[in-house]
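# Output the structure for:
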Amino acid sequence: MKVYGFDLLPWPYLDAPSYYPDANALFDPARAQQVWFTIPYYREGIGFLLAADGSYKNYDELKAGGSAVRVSILQNPGVEDLIHSVLPDAQVLALDSQANVIQAISAGQADAAAVDQSTVRWLNVQQSGAYLDSGFGFQPQTYSAAVKPGDEVWIRFLDQALHEAMTGVTFGSYTASFKKWFGIDLPSPTIGFPIEYAA
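Just a heads-up that it's a prediction; the model follows:
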(Lines give C-alpha, C1' and ligand atoms only; values in the text may rest on other atoms or scores of the structure.)
Protein backbone atom coordinates (compact mmCIF):
# COMPACT_ATOMS: atom_id res chain seq x y z
CA MET A 1 0.00 0.00 0.00
CA LYS A 2 1.24 3.50 -0.81
CA VAL A 3 0.34 6.63 1.18
CA TYR A 4 1.71 9.99 0.08
CA GLY A 5 4.15 8.14 -2.17
CA PHE A 6 5.55 5.92 0.60
CA ASP A 7 5.22 2.16 0.98
CA LEU A 8 3.54 1.36 4.27
CA LEU A 9 4.39 -1.80 6.11
CA PRO A 10 1.48 -3.93 7.28
CA TRP A 11 0.03 -2.75 10.56
CA PRO A 12 1.91 -4.66 13.27
CA TYR A 13 -1.19 -5.42 15.29
CA LEU A 14 -3.30 -6.93 12.52
CA ASP A 15 -2.25 -10.37 13.76
CA ALA A 16 -2.48 -9.36 17.41
CA PRO A 17 -5.51 -9.96 19.64
CA SER A 18 -8.29 -7.44 19.10
CA TYR A 19 -7.74 -5.84 22.52
CA TYR A 20 -4.45 -4.30 21.43
CA PRO A 21 -5.24 -0.78 20.15
CA ASP A 22 -2.77 1.61 18.56
CA ALA A 23 -3.74 4.79 20.37
CA ASN A 24 -1.67 7.11 18.18
CA ALA A 25 -3.03 6.31 14.73
CA LEU A 26 -3.35 9.00 12.10
CA PHE A 27 -6.57 8.43 10.17
CA ASP A 28 -6.15 7.82 6.47
CA PRO A 29 -8.73 6.29 4.08
CA ALA A 30 -6.26 3.63 2.91
CA ARG A 31 -5.49 2.67 6.50
CA ALA A 32 -9.21 2.49 7.27
CA GLN A 33 -9.39 -0.45 4.86
CA GLN A 34 -7.06 -2.41 7.16
CA VAL A 35 -8.09 -1.33 10.66
CA TRP A 36 -11.06 0.12 12.50
CA PHE A 37 -10.64 3.63 13.87
CA THR A 38 -12.28 4.95 17.00
CA ILE A 39 -13.81 8.40 17.20
CA PRO A 40 -11.10 11.08 17.01
CA TYR A 41 -9.51 12.22 20.25
CA TYR A 42 -7.07 14.84 18.96
CA ARG A 43 -6.69 17.14 15.96
CA GLU A 44 -3.02 17.37 15.00
CA GLY A 45 -1.52 19.76 12.50
CA ILE A 46 1.72 21.46 11.55
CA GLY A 47 2.88 24.45 13.55
CA PHE A 48 5.90 26.71 13.47
CA LEU A 49 8.27 26.50 16.42
CA LEU A 50 10.34 29.65 16.87
CA ALA A 51 13.42 30.34 18.97
CA ALA A 52 12.51 32.76 21.78
CA ASP A 53 15.55 34.88 20.92
CA GLY A 54 14.95 34.66 17.15
CA SER A 55 14.11 37.38 14.66
CA TYR A 56 10.44 36.40 14.31
CA LYS A 57 7.86 36.20 17.09
CA ASN A 58 4.71 34.98 15.29
CA TYR A 59 3.24 33.78 12.00
CA ASP A 60 2.42 37.28 10.74
CA GLU A 61 6.08 38.27 11.11
CA LEU A 62 7.17 35.08 9.32
CA LYS A 63 4.81 35.83 6.44
CA ALA A 64 5.98 39.44 6.25
CA GLY A 65 9.60 38.24 6.21
CA GLY A 66 9.14 36.84 2.70
CA SER A 67 12.21 35.24 1.13
CA ALA A 68 14.41 36.11 4.12
CA VAL A 69 12.59 33.50 6.24
CA ARG A 70 14.22 30.07 6.54
CA VAL A 71 12.01 27.14 7.59
CA SER A 72 13.34 23.72 8.62
CA ILE A 73 11.16 20.65 8.11
CA LEU A 74 11.56 16.88 8.04
CA GLN A 75 12.77 15.71 4.64
CA ASN A 76 9.90 14.21 2.63
CA PRO A 77 8.52 14.56 -0.89
CA GLY A 78 6.46 17.71 -1.32
CA VAL A 79 7.67 19.61 1.75
CA GLU A 80 8.56 22.68 -0.31
CA ASP A 81 5.01 22.89 -1.65
CA LEU A 82 3.63 22.30 1.85
CA ILE A 83 5.59 25.21 3.35
CA HIS A 84 4.98 27.47 0.35
CA SER A 85 1.22 26.93 0.76
CA VAL A 86 1.39 29.11 3.90
CA LEU A 87 4.73 30.94 3.51
CA PRO A 88 4.98 31.41 -0.27
CA ASP A 89 8.45 32.95 -0.40
CA ALA A 90 10.21 31.15 2.46
CA GLN A 91 13.42 29.20 2.00
CA VAL A 92 12.88 25.53 2.87
CA LEU A 93 15.58 23.55 4.67
CA ALA A 94 14.65 19.83 4.52
CA LEU A 95 16.54 17.84 7.16
CA ASP A 96 16.98 14.14 7.95
CA SER A 97 15.49 13.99 11.46
CA GLN A 98 12.97 15.81 13.63
CA ALA A 99 15.73 16.51 16.15
CA ASN A 100 17.76 18.28 13.45
CA VAL A 101 14.69 20.25 12.35
CA ILE A 102 14.38 21.67 15.87
CA GLN A 103 18.15 22.04 16.35
CA ALA A 104 18.28 24.21 13.21
CA ILE A 105 16.36 27.01 14.95
CA SER A 106 18.48 26.72 18.09
CA ALA A 107 21.65 26.95 15.96
CA GLY A 108 20.34 29.90 13.94
CA GLN A 109 20.26 27.94 10.67
CA ALA A 110 16.48 28.35 10.42
CA ASP A 111 14.00 30.94 11.68
CA ALA A 112 11.15 28.48 12.16
CA ALA A 113 10.81 24.72 12.50
CA ALA A 114 7.73 23.17 10.89
CA VAL A 115 6.78 20.35 13.28
CA ASP A 116 3.66 18.79 14.77
CA GLN A 117 1.58 21.38 16.63
CA SER A 118 1.63 19.05 19.65
CA THR A 119 5.45 19.19 19.62
CA VAL A 120 5.33 22.99 19.49
CA ARG A 121 3.04 23.05 22.52
CA TRP A 122 4.97 20.37 24.40
CA LEU A 123 8.34 22.10 23.94
CA ASN A 124 6.86 25.40 25.10
CA VAL A 125 5.73 23.71 28.32
CA GLN A 126 8.78 21.51 28.90
CA GLN A 127 11.39 24.13 27.96
CA SER A 128 9.58 27.31 28.88
CA GLY A 129 11.38 30.41 27.66
CA ALA A 130 13.43 28.64 24.99
CA TYR A 131 10.79 28.59 22.25
CA LEU A 132 7.73 30.39 20.97
CA ASP A 133 4.59 29.12 19.27
CA SER A 134 3.97 31.12 16.08
CA GLY A 135 0.24 30.98 16.82
CA PHE A 136 -0.51 29.35 13.48
CA GLY A 137 -1.34 25.78 12.55
CA PHE A 138 -2.23 24.13 9.27
CA GLN A 139 -2.65 20.74 7.55
CA PRO A 140 -5.18 19.29 10.05
CA GLN A 141 -4.93 15.56 10.74
CA THR A 142 -7.16 13.37 12.89
CA TYR A 143 -5.75 11.09 15.58
CA SER A 144 -7.76 8.08 16.68
CA ALA A 145 -7.07 4.67 18.14
CA ALA A 146 -6.86 1.84 15.61
CA VAL A 147 -7.82 -1.76 16.33
CA LYS A 148 -7.98 -5.03 14.50
CA PRO A 149 -11.30 -5.22 12.61
CA GLY A 150 -14.05 -7.55 13.72
CA ASP A 151 -14.85 -6.86 17.38
CA GLU A 152 -17.85 -4.54 17.42
CA VAL A 153 -18.14 -4.61 21.23
CA TRP A 154 -14.49 -3.54 21.70
CA ILE A 155 -14.62 -0.65 19.24
CA ARG A 156 -17.87 0.62 20.78
CA PHE A 157 -16.32 0.43 24.25
CA LEU A 158 -13.28 2.42 23.09
CA ASP A 159 -15.51 5.00 21.39
CA GLN A 160 -17.53 5.45 24.58
CA ALA A 161 -14.41 5.69 26.75
CA LEU A 162 -12.94 8.38 24.49
CA HIS A 163 -16.26 10.20 24.31
CA GLU A 164 -16.57 10.32 28.09
CA ALA A 165 -12.94 11.47 28.43
CA MET A 166 -13.55 14.40 26.10
CA THR A 167 -17.06 15.36 27.18
CA GLY A 168 -18.19 13.54 30.30
CA VAL A 169 -17.40 11.75 33.51
CA THR A 170 -13.63 11.34 32.96
CA PHE A 171 -13.11 14.81 31.45
CA GLY A 172 -10.90 15.72 34.42
CA SER A 173 -8.25 13.22 33.34
CA TYR A 174 -8.38 14.37 29.72
CA THR A 175 -8.08 18.05 30.57
CA ALA A 176 -5.28 17.33 33.09
CA SER A 177 -3.27 15.68 30.30
CA PHE A 178 -3.76 18.68 28.01
CA LYS A 179 -2.59 21.01 30.78
CA LYS A 180 0.42 18.85 31.68
CA TRP A 181 1.72 18.20 28.18
CA PHE A 182 0.49 21.18 26.15
CA GLY A 183 -0.08 23.90 28.75
CA ILE A 184 -3.68 24.32 27.59
CA ASP A 185 -6.73 24.75 29.83
CA LEU A 186 -9.66 23.13 28.06
CA PRO A 187 -13.12 24.62 28.64
CA SER A 188 -15.37 22.39 30.70
CA PRO A 189 -18.23 20.74 28.79
CA THR A 190 -21.51 22.54 29.30
CA ILE A 191 -24.21 20.96 31.41
CA GLY A 192 -27.46 20.32 29.55
CA PHE A 193 -27.29 20.12 25.79
CA PRO A 194 -24.34 17.87 24.76
CA ILE A 195 -21.46 20.03 23.51
CA GLU A 196 -20.62 17.55 20.73
CA TYR A 197 -23.93 18.37 19.01
CA ALA A 198 -23.62 22.14 19.28
CA ALA A 199 -23.24 24.12 16.07
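
# only C-alpha atoms for contact and neighbour calcs from this point on.
Will do.

# where do the helices sit along this protein?
Remark: helices assigned in the chain by DSSP state H are 59-64, 79-84, 98-106, 117-126, 152-167, 171-182.

# List the residues that contact Asp159.
38-39 (C-alpha atoms under 8 Å, 6 or more residues apart in numbering).

# distance of the residue nearest the centre of the chain from Phe27?
Centroid check for the chain by C-alpha atoms, centre = their mean gives Glu44 as the closest residue, at 2.8 Å. Between Glu44 and Phe27 the distance is 11 Å, computed by C-alpha to C-alpha, to the nearest Å.

# overlap in contacts of those two?
With C-alpha under 8 Å, 6+ apart as the test, Glu44 and Phe27 both reach 141-143.

# Let's see if you can find the most crowded of these.
Greatest neighbour count in the shared contacts of Glu44 and Phe27, by other C-alpha atoms under 10 Å, goes to Tyr143: 20 neighbours.

# what bridges to that residue?
Leu26, Tyr42 (DSSP bridges).

# Let's see the pLDDT reported for it.
The score at Tyr143 is 87. That number is its pLDDT.

# Verify the contact between it and Gly45 for me.
No: in this structure, Tyr143 is not within contact of Gly45 by C-alpha atoms under 8 Å, at 10.1 Å.

# Where does the record place the domain boundaries for this structure?
Following automatic domain parsing, one gets these domains for the chain: 17-40+144-197, 44-140.

# what's the most buried one of the ones you listed?
Mean neighbours per residue, mean count of other C-alpha atoms under 10 Å, is largest over the domains of the chain for domain 44-140, with a mean of 18.

# That domain spans what distance, first to last residue?
Domain 44-140: ends 6 Å apart by C-alpha to C-alpha.

# average pLDDT across it?
On average, domain 44-140 scores 96.

# Check stretch 166-181 too.
Mean predicted confidence for stretch 166-181 is 91.

# Touching stretch 38-50 from outside, list them.
56-59, 102, 105, 111-118, 120, 131-146, 155, 158-159, 162-163, 166.

# Please repeat the previous calculation with a cut-off of 7 Å.
For stretch 38-50, contacts defined as C-alpha atoms under 7 Å, 6 or more residues apart in numbering pick out 105, 111-118, 120, 131-134, 136-146, 155, 158-159, 162.

# Could you do stretch 192-199 as well?
So stretch 192-199 is in contact with Pro189, going by C-alpha under 7 Å, 6+ apart.

# one more time with 10 Å, if that's ok
Residues from elsewhere that reach stretch 192-199, judged by C-alpha atoms under 10 Å, 6 or more residues apart in numbering: 163, 166-168, 188-190.

# cool, and stretch 171-190?
So stretch 171-190 is contacted by 41, 117-126, 162-168, 195-196 (C-alpha under 10 Å, 6+ apart).
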